[in-house]
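Visitor: build the 3D model from these lines:
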Amino acid sequence: MQANWNDSQPIYRQLRDKVIASILDNELKEGDALPSVRQVSADFQLNPITVSKAYQELVDDSVVEKKRGVGMFIQQGAREKLLNQERQQFLTQEWPLIVERISRLGLKLSDLPDADTKSNSEGGNS
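Guide: This next block holds a predicted model:
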C-alpha cells in the first residue's frame, strides 16, 4: 500500500479503502494477516487511533476477523463479498453518472474506445 492521502475524505476511510483495494487486487488474500496497527501507524506516520478505526470498520463489515492476542486476518469469502459490493456500488452510483456524462457530451457507443483495442495496443500488436 502506498500513502497518498487526500482531503476528500477522512484518512481512516482512505486506509480502509486501500485495504479493500489490496484484497480485490489479490495483494492480500483470505487468511492473510493485516499489518499491525503499530506497524501501519509507523509506516504511514498515522495516529494509531486512525488505523484502529479503519481496521474496526473492516471488522464491522465482516471482511477482517480479530483474533485476540494474534492479530487481524482477512476472512474467508471476503474478496467475493467485496467484489459483489463494489460491483453493486459501481452500477448504482458511478455508472449512472458516466452514462449521463456520455449523453451530455453527445457521444455514441461507437465513439467510445473498445477495451480490447486498448489491451491490444498496449500488448504491442501493431
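Visitor: what sits closest to residue 48 if chain neighbours are left out?
Guide: Of all residues beyond its chain neighbours, the one nearest residue 48 is residue 41 (4.5 Å), with distances taken as Cβ to Cβ, 6 or more residues apart in numbering. C-beta coordinates here come from the backbone N, C-alpha and C atoms, glycine included.
Visitor: where does the one you found land in three-state SS?
Guide: Three-state call for residue 41 (DSSP: H, G, I helix; E, B strand; the rest coil): helix.
Visitor: so it sits against residue 53, correct?
Guide: No: using Cβ atoms under 8 Å, residue 41 is not in contact with residue 53, being 11.6 Å away.
Visitor: returning to what we had before: pLDDT at the residue nearest to residue 48, what is it?
Guide: Residue 41 is assigned 95 on the pLDDT scale.
Visitor: for it, give me its contacts.
Guide: By Cβ atoms under 8 Å, 6 or more residues apart in numbering, residue 41 lies in contact with 47, 48, 50, 51.
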